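Visitor: Build me a structure from this.
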Amino acid sequence: MTDLYIATLTQADYDALMRLAEAKGYVWNSRCKPTEEHKFDRYGCETVVRMRENMLLEYCDKPYYEDNQGAKIETIPKLAKIKVIWKVSRENRDAFTMKHRLPPHYKSARNLYVICDEYSRTYMTKENEIYEALAVEYKTQESEDIMPEKVKLPRNVIDVFRPALDSPGYRRWGSLAPIRIISDMYNRTLEGMTNDVSAWLNDYDNQWKLIDALRYGYEPEPRWGIKAGHSYLYEPNDKSFGPDEEPFAYDLREQAEEVVARLGFGEVMDLNKEV
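Guide: The predicted structure is shown next:
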């Protein structure tokens, strides 16, 4: 790798570059860490940081490097938003693509540099000396070696999407073309789609839950209810019970146990098994 000259047009760009350089192991000529020196004030938007092969940093204004030294000044798109750049090795590729929900074809890249921005979205970059110079080796954590748990979905969502979720074809495609699958699942179930399920599906994170349900399997979200005799609590505020009413569901067993303790009767039941 040759020396790189990176333009920092704003204070935010400069700060982000210093964080990335420090994570990689660069230091200033004074041996201070990148974030311990504040160089942007002197040249402002003309500030250019030189990243040397020997992992030392220096800086000057753009005309000095460009006109006097004939250096090529590089810019990093959306630099201020970048939190970390990872270089992913083949040994860690499976764990990384699984954790960050990247399609399997990412595994075929010879060198994978992945940018994590302020929204925690990840994407593959082209091979580039800048990313190579700033990329930190991604290390697999012990917890990432464990297969993810089944995705917990609301019962009404399972009722609507069960045919697709249980289809071997969908499970196979879920990792390859997530957006296409979401669209197809949505169109296939429009006739049985209720307003609450439609609203749930409009959430971006919930769309990924469906994809992960295809990849790793699914199970209903916890639903704990209170039963007395043959009747279930269906209205917690006025403590109404009924045999034919929809039971009130608690997310946590502890919540239902507290209500039983206050009532002085009843028992906590797993509604996913009973109803």
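Visitor: Helix or strand next in line after the lowest-mean-pLDDT helix or strand in the chain, which one?
Guide: Using mean pLDDT, DSSP states H and E, strand 122-124 stands out as the lowest-scoring helix or strand of the chain, at a mean of 58. Later in the chain than strand 122-124, the nearest helix or strand by DSSP states H and E is helix 129-134.
Visitor: so where do the helices sit in the chain?
Guide: 11-24, 40-43, 62-63, 93-99, 129-134, 155-165, 168-173, 178-188, 195-201, 204-216, 253-263, 271-274 (DSSP state H).
Visitor: For V114, find the nearest of those helices.
Guide: Nearest to V114, of all the helices of the chain, is helix 93-99, at 7.4 Å by CB to CB. C-beta: built from backbone N, CA, C; applies to glycine.
Visitor: Of all the residues in the closest one, which ones are buried?
Guide: R93, A95, F96, T97, M98, K99 (16 or more other CB atoms under 10 Å).
Visitor: what does stretch 154-170 give?
Guide: P154, V157, I158, V160, F161, A164, L165, Y170.
Visitor: got a list of what the closest residue to F96 other than its chain neighbours touches?
Guide: Distance criterion CB to CB, 6 or more residues apart in numbering; nearest residue to F96, sequence neighbours excluded, is V88 at 4.9 Å. The contact partners of V88, by CB atoms under 8 Å, 6 or more residues apart in numbering, come to F96, L112, Y113, V114, Y138.
Visitor: who does the third one bridge with?
Guide: Going back to what we said before, that points to Y113. Beta-bridge partners for Y113, by DSSP bridges, are K87.
Visitor: thinking it is in contact with A133, fair?
Guide: No: using CB atoms under 8 Å, Y113 is not in contact with A133; the gap is 10.2 Å.
Visitor: how much space between the closest residue to A213 other than its chain neighbours and R162?
Guide: Nearest residue to A213 in three dimensions, chain neighbours excluded: V151, at 4.2 Å (CB to CB, 6+ apart). Going from V151 to R162 by CB to CB, to the nearest Å gives 13 Å.
Visitor: swap in R90?
Guide: For R90, the distance to R162 - CB to CB - is 37 Å.
Visitor: got a list of what the residue lying closest to E46 once chain neighbours are set aside touches?
Guide: Spatial nearest neighbour of E46, excluding adjacent residues (CB to CB, 6+ apart): D61 at 4.3 Å. By CB under 8 Å, 6+ apart, the contact set of D61 is Y43, E46, T47, V48.
Visitor: so how many other residues sit close to the second one?
Guide: Neighbour count for E46, taken as other CB atoms under 10 Å: 16.
Visitor: I'd like the distance between it and W28.
Guide: With CB to CB as the criterion, E46 and W28 are 19 Å apart.
Visitor: Centre of this structure to the edge, which residue is at the far end?
Guide: G229 (45.1 Å; CA atoms, centre = their mean).
Visitor: Low-confidence ranges, the stretch 101-250 of the chain, go.
Guide: Within the stretch 101-250 of the chain, the stretches with pLDDT under 70 are 101-112, 117-127, 141-148, 169-182, 184-192.
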